[in-house]
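Participant: predicted model and sequence follow; I will ask about them next.
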Amino acid sequence: MTSEKARGPALTKQMAAIGGIHKLIKHCRNPFLAAWRVVSTLSINHIITTIGCNCSNISLPLPSGPGYLLLLMENTTGSKPHVVLLASIGMGHLIPILELGKRLFTHHNFEVTIFVVASQSSAAETQILQSAMTEKLCEIVELPPVNISGLVSPDAAVVTQICVIMREIKPALRSAISGLAFRPVALIVDLFGSEAMMVADEFEMPKYVYIPSNAWFLALTIYVPVLDKVVRGEYVDQKEPLKIPGCKAVRPEDVVDPMVDRTNQQYLEYVRMGMDFPKCDGVLLNIWEDLQPKTVEALRDEELLGQLCKVPVYPVGPLTRPLKPFDSRSGELFLWLDKQPRESVIYVSFGSGGTLLASEEVVGRKEIEMMIRTITVDKEATYIRNRVKKLKYSAAKTLLEGGSSYNALSLVAKKLELRWKTMEVNAS
């Protein structure tokens with residue numbers, strides 16, 4: 001009698017575990033997905049044995065290999081919505097994702113987990129990660145590095161290397177998501193993480209792509225699969241600009257790097273990205289409505305690029321990294337700038353990295369003088385400068401409550417909150 005009483009709690013736990021597994025399979029809309037949501041018999045035995053039960057008599061339709069047990073995630077939603085973000089390798093991709101995560105946490109009351117593919121070799125990147133962890137706004141999780149030496153040549157283009165790394169990181173991402181205490185309401189990836197959207201599908205999560213660039217880049221990217229079919233030869237050899245519906249045409253010499261050589265793997269990766277983006281549930285852009293209204297409208301117009309984009313486009317920017325306190329070097333620079341006549345200095349940025357081929361001509365003084373005159377003293381100068389001032393003020397207002405970018409991200413947040421509430425009801 002004593003042994004029977006002792007087995008009571010264990011038996012209850014066993015029945016609850018078995019019932020939960022059968023409930024999971026029964027209510028999952030996709031039988032294949034259900035199989036992925038159950039671990040191998042050995043794993044189930046181990047888990048239930050850990051709580052003091054024996055389930056040798058359990059017979060379940062299991063896949064041939066191990067799957068993923070999401071019972072805890074299915075039934076635990078947390079006290080507020082939880083969103084996960086994936087940052088591709090490199091500071092230029094890490095910083096925008098961190099800023100988006102902070103925005104979701106501070107302005108929209110989300111729990112945020114950011115999965116990072118760290119380079120392990122950049123001191124500046126390490127410092128940024130440590131700073132983000134210190135702020136404790138978002139949970140930062142570094143995914144284990146992957147070895148791609150056997151998959152690409154050492155001299156492969158950077159785009160190719162990043163794409164292959166993000167492709168190989170998917171198993172680690174899948175495992176990391178399954179290990180979360182709370183079930184996420186969505187996965188947000190950057191442009192190089194588009195293949196990870198299939199992981200979101202396995203967890204039945206909405207997936208969004210965050211493009212920390214402009215609308216024109218998105219337009220070109222989703223249209224490049226069309227250009228790939230209709231343009232013969234190299235793009236740089238074309239005699240006429242490449243037309244994009246509803247957008248400014250692209251001069252052959254202005255195509256993005258992956259389009260320069262169509263035989264290079266990075267071009268194939270770029271075409272794939274263009275086909276991947278429309279498969280998401282929405283695209284977030286790091287611009288605001290007033291910056292590129294015609295291009296944004298073309299992306300939404302079903303008679304123009306909307307027939308390719310197919311998903312909502314949300315301009316949520318400009319999300320930028322806050323300025324740090326001046327050090328001695330930057331302090332000297334700003335002291336010098338303050339002494340110059342108002343609006344007399346032109347700042348030229350080459351991005352995070354820039355190189356010239358030996359065959360490329362260095363811009364001469366006359367060309368530089370011509371461009372400076374265009375924005376300072378020529379007839380166009382007044383229009384250009386006034387427009388820049390107008391955009392400066394609209395950029396500041398758009399992120400405030402009631403601004404277009406604030407409202408756009410709020411719309412995404414409300415959709416995810418509604419999903420979270422539905423998950424709560426289903427879990428109860």
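Facilitator: Perfect, thanks for sending it. Predicted model only: the values in this text are computed from it and were never measured. Residues are numbered from 1 along each chain as shown.
Participant: list the contacts for residue 156?
Facilitator: Neighbouring residues of residue 156 by C-beta atoms under 8 Å, 6 or more residues apart in numbering: 164, 265-266. All C-beta atoms are positioned from the backbone trio N, CA, C, and that covers glycine.
Participant: can you list contacts of the helix or strand containing residue 407?
Facilitator: Element membership for residue 407, per DSSP states H and E: helix 404-427. Here helix 404-427 makes contact (C-beta under 8 Å, 6+ apart) with 74-77, 80-83, 103-104, 107-108, 110, 183, 185-186, 206, 208, 282, 284, 288-290, 314-318, 398-400.
Participant: alpha carbons of that helix, as CSV, please.
Facilitator: Extracted in CSV, the C-alpha atoms of helix 404-427 (Å, rounded to 0.1, in the frame of the first residue of the first chain):
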residue,chain,number,x,y,z
SER,A,404,4.8,57.6,-39.1
SER,A,405,7.7,55.3,-38.1
TYR,A,406,6.4,55.0,-34.5
ASN,A,407,3.0,54.1,-35.9
ALA,A,408,4.4,51.5,-38.3
LEU,A,409,6.3,49.6,-35.7
SER,A,410,3.3,49.9,-33.4
LEU,A,411,1.2,48.2,-36.0
VAL,A,412,3.6,45.3,-36.1
ALA,A,413,3.7,45.2,-32.3
LYS,A,414,-0.1,45.1,-32.1
LYS,A,415,-0.3,42.2,-34.6
LEU,A,416,2.2,40.3,-32.4
GLU,A,417,0.4,41.2,-29.2
LEU,A,418,-2.8,39.8,-30.7
ARG,A,419,-1.0,36.6,-31.5
TRP,A,420,0.5,36.4,-28.0
LYS,A,421,-3.0,36.8,-26.5
THR,A,422,-4.2,34.0,-28.7
MET,A,423,-1.3,31.8,-27.6
GLU,A,424,-2.3,32.6,-24.0
VAL,A,425,-5.8,31.4,-24.6
ASN,A,426,-4.7,28.2,-26.3
ALA,A,427,-2.2,27.5,-23.5
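Participant: average pLDDT for that helix?
Facilitator: Here helix 404-427 scores 92 as its mean pLDDT.
Participant: buried residues, that helix. List them.
Facilitator: Buried positions in helix 404-427, judged by neighbour count with 16 or more other C-beta atoms under 10 Å: 404-406, 408-410, 412-413, 415-417, 419-420, 423.
Participant: please indicate which of the contacts of helix 404-427 are buried?
Facilitator: Judged by 16+ other C-beta under 10 Å, buried ones among the contacts of helix 404-427: 74, 77, 81-83, 103-104, 108, 110, 183, 185-186, 206, 208, 282, 284, 288-290, 314-318, 398-399.
Participant: related to what we said a few turns ago, just the ones of the contacts of helix 404-427 in strands?
Facilitator: 82-83, 186, 208, 284, 314-315 (DSSP state E).
Participant: got those residues as CSV, with pLDDT columns?
Facilitator: Output for these, formatted as CSV (pLDDT from 0 to 100):
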residue, pLDDT
82, 95
83, 97
186, 97
208, 98
284, 98
314, 98
315, 98
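Participant: most widely separated two among those residues?
Facilitator: 82 and 315 (24.6 Å; C-beta to C-beta).
Participant: any chance of the ones in strands among the contacts of helix 404-427 in TSV, plus distance to residue 392?
Facilitator: Listed next are these as TSV, based on distance: C-beta to C-beta, whole Å:
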residue	distance to residue 392
82	35
83	30
186	32
208	28
284	22
314	22
315	16
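Participant: what's the helix or strand residue 92 falls within in contact with?
Facilitator: Using DSSP H and E, residue 92 sits in helix 91-108. With contact meaning C-beta under 8 Å, 6+ apart, helix 91-108 is reached by 83, 85-88, 110-112, 114, 116, 122, 124-125, 128-129, 132, 135, 137-138, 188, 190, 192, 210, 212, 284, 286, 316, 319-321, 352, 406, 409-410, 413.
Participant: equivalent analysis for stretch 262-276, please.
Facilitator: Stretch 262-276 is contacted from outside by 152, 156-160, 163, 191-192, 194-195, 197, 209, 221-225, 228, 234-235, 256-261, using C-beta under 8 Å, 6+ apart.
Participant: cool, stretch 179-187 as well?
Facilitator: Applying C-beta under 8 Å, 6+ apart, the contact partners of stretch 179-187 are 70, 72-74, 76-78, 81-86, 111, 113, 177, 196-197, 199-200, 203, 205-208, 281, 416-417, 419-420, 423.
Participant: do that again at 6 Å, thanks
Facilitator: Applying C-beta atoms under 6 Å, 6 or more residues apart in numbering, the external contacts of stretch 179-187 come out as 73, 76-78, 81-84, 200, 205-207, 416, 419-420.
Participant: the closest residue to residue 198 other than its chain neighbours and residue 115, how far apart?
Facilitator: Distances taken as C-beta to C-beta, 6 or more residues apart in numbering place residue 170 nearest to residue 198, at 7.5 Å, with adjacent residues excluded. Noted for residue 170: a distance of 11 Å to residue 115, by C-beta to C-beta, to the nearest Å.
Participant: who has more neighbours out of the two?
Facilitator: Ranked by neighbour count (other C-beta atoms under 10 Å), residue 170 and residue 115 place residue 115 first, with 23 against 18.
Participant: surely the more buried one forms part of a strand?
Facilitator: Yes: using DSSP: H, G, I helix; E, B strand; the rest coil, the assignment for residue 115 is a strand.
Participant: wait, isn't it in contact with residue 86?
Facilitator: Yes: at 4.9 Å, residue 115 counts as touching residue 86 under the criterion of C-beta atoms under 6 Å.
Participant: can you map out the helices along the stretch 101-250 of the chain?
Facilitator: Assigned by DSSP state H, counting those that start in this stretch, the helices in the stretch 101-250 of the chain fall at 123-135, 158-168, 170-178, 197-202, 215-230.
Participant: okay, now the domains of this protein?
Facilitator: 2-69, 75-319+404-427 (automatic domain parsing).
Participant: for the ones you listed, give me JSON lines that also has distance to residue 366.
Facilitator: Below are the domains of the chain laid out as JSON lines (distance: least, C-beta to C-beta, whole Å):
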{"stretch": "domain 2-69", "distance to residue 366": "63"}
{"stretch": "domain 75-319+404-427", "distance to residue 366": "19"}
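Participant: and these, which one's lowest on average pLDDT?
Facilitator: Mean pLDDT values for these show the minimum at domain 2-69, a mean of 40.
Participant: nearest to residue 428, of the ones in strands among the contacts of helix 404-427?
Facilitator: Distance to residue 428 across these (C-beta to C-beta) is lowest for residue 82, with 17.1 Å.
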